[in-house]
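Asks: need coordinates for the following:
(one chain, ligands or ions: 2)
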Amino acid sequence: MRRWSVISFIKSAKAAKDFPASEKEIVFVGRSNVGKSSLINSLYKKDLAYTGKTPGKTRMINFFNIDDIYTAVDVPGYGYARRSQKEAIEYASMMDDYFDRTDKIRLVIQITDARIGPTQDDIDMEEYLKDRKLNYVVIANKIDKLSNNQLTNARHKLYRDRVNVIYVSAEKKKNIDQVKEYIDKYISD
Ligand SMILES: Nc1nc2c(ncn2[C@@H]2O[C@H](COP(=O)(O)OP(=O)(O)OP(=O)(O)O)[C@@H](O)[C@H]2O)c(=O)[nH]1
Ligand SMILES: [Mg+2]
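Replies: Ligands and ions are numbered 1, 2, ... in the order given. Reported below is the predicted structural model:
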């Protein structure tokens, strides 16, 4: 496993015509505020992704070069209620543009909140990913906020229907190596 991944910012884009040329992509999706950008920062050496306490921090699709081997993609969160109707339409079209690149996407990392488990928005996203036949793995983030009992409950109840779940804390950098190993499996060939 590569321990010292070098990350550099490529660009932000909203539409297909502006997406960079890249061959292998790993994309991080999830509801607003679940910690997508934080997880990207915890995986790589430099904190380049914007994070914040208020939902809706990431507004465009951000592309990062990782070791000149693959591209990590940070997208704005779904289920963000404060978008206007116009913004919601723009969001949907930006995401469709992005997910039309199915041939480039090696793995979708779907981040959820371990305290809540998958929500209806997350289930809708999973259906969307299945329709497009994309590989995906579910992350249960923010486990630093859970007691041992709550973590057991998450495993046996909230996430019981899911096969691939990695329990992490992006903030406290817990189990981040498991995510790295998972990514490595999908980009090495
Ligand atoms: N306690 C705890 N807080 C976390 C963790 N990961 C992220 N956060 C916090 O959650 C908030 C949102 O994090 P972001 O990484 O900006 O979330 P995001 O999913 O990128 O949000 P959008 O870009 O708005 O969709 C920030 O205040 C983070 O510090 C974690 O593992 N534990
Ligand atoms: Mg973000």
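Asks: and Ile89, how many neighbours does it have?
Replies: 11 (other CB atoms under 10 Å). Any C-beta I mention is one placed from the backbone N, CA and C, and that applies to glycine too.
Asks: try Ile111
Replies: Residues near Ile111, counting by other CB under 10 Å: 28.
Asks: can you give me the distance of it to Thr119?
Replies: Applying CB to CB, to the nearest Å, the value for Ile111 to Thr119 is 12 Å.
Asks: spell out which parts of the chain neighbour ligand 2.
Replies: Selection of the chain residues close to ligand 2 by CB under 5 Å from the ion yields Lys36, Ser37, Lys57, Thr58.
Asks: where is pLDDT lowest across these?
Replies: Of all the residues of the chain next to ligand 2, Lys57 carries the smallest pLDDT score, 71.
Asks: where along this protein do the helices fall?
Replies: Using DSSP state H, the helices of the chain run over residues 36-43, 85-99, 120-131, 148-153, 176-187.
Asks: so which of those is the most packed in?
Replies: helix 36-43 (a mean of 24; mean count of other CB atoms under 10 Å).
Asks: mean pLDDT per helix and strand in the protein: which one sits at the bottom?
Replies: Ranked by mean pLDDT, DSSP states H and E, the weakest helix or strand in the chain is helix 85-99, scoring a mean of 90.
Asks: how about low-confidence regions in this protein?
Replies: Scanning the chain for pLDDT under 70 picks out the ranges 1-3, 55, 81.
Asks: quick one: furthest residue from the center of it?
Replies: The outermost residue of the chain, judged against the average C-alpha position, is Asn149 (26.1 Å), by CA atoms, centre = their mean.
Asks: from ligand 2, how far off is that residue?
Replies: 30 Å (CB to the ion, to the nearest Å).
Asks: tell me where the chain has strands.
Replies: Under the criterion DSSP state E, the chain contains strands at 7-13, 25-30, 61-66, 70-74, 105-113, 136-141, 165-167.
Asks: partner strands of the third one and their direction?
Replies: The reference is to strand 61-66. If you go by DSSP bridges, strand 61-66 pairs up with strand 7-13 (antiparallel), strand 70-74 (antiparallel).
Asks: so what touches the shortest one?
Replies: By CB atoms under 8 Å, 6 or more residues apart in numbering, the surrounding residues in contact with strand 70-74 are 7, 10, 20, 22-28, 36-37, 40, 43-44, 49, 58, 61-66, 98, 106, 183, 187.
Asks: need the CA coordinates for it. CSV is fine.
Replies: Output in CSV follows, covering the C-alpha atoms of strand 70-74 (Å, rounded to 0.1, in the frame of the first residue of the first chain):
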residue,chain,number,x,y,z
TYR,A,70,-5.7,8.3,-10.3
THR,A,71,-8.1,11.2,-9.8
ALA,A,72,-10.0,11.7,-6.5
VAL,A,73,-13.3,13.5,-7.1
ASP,A,74,-15.1,15.6,-4.4
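Asks: now check it, is it near ligand 1?
Replies: No: judged by CB under 6 Å from any ligand atom, strand 70-74 makes no contact with ligand 1; its nearest approach is 6.9 Å.
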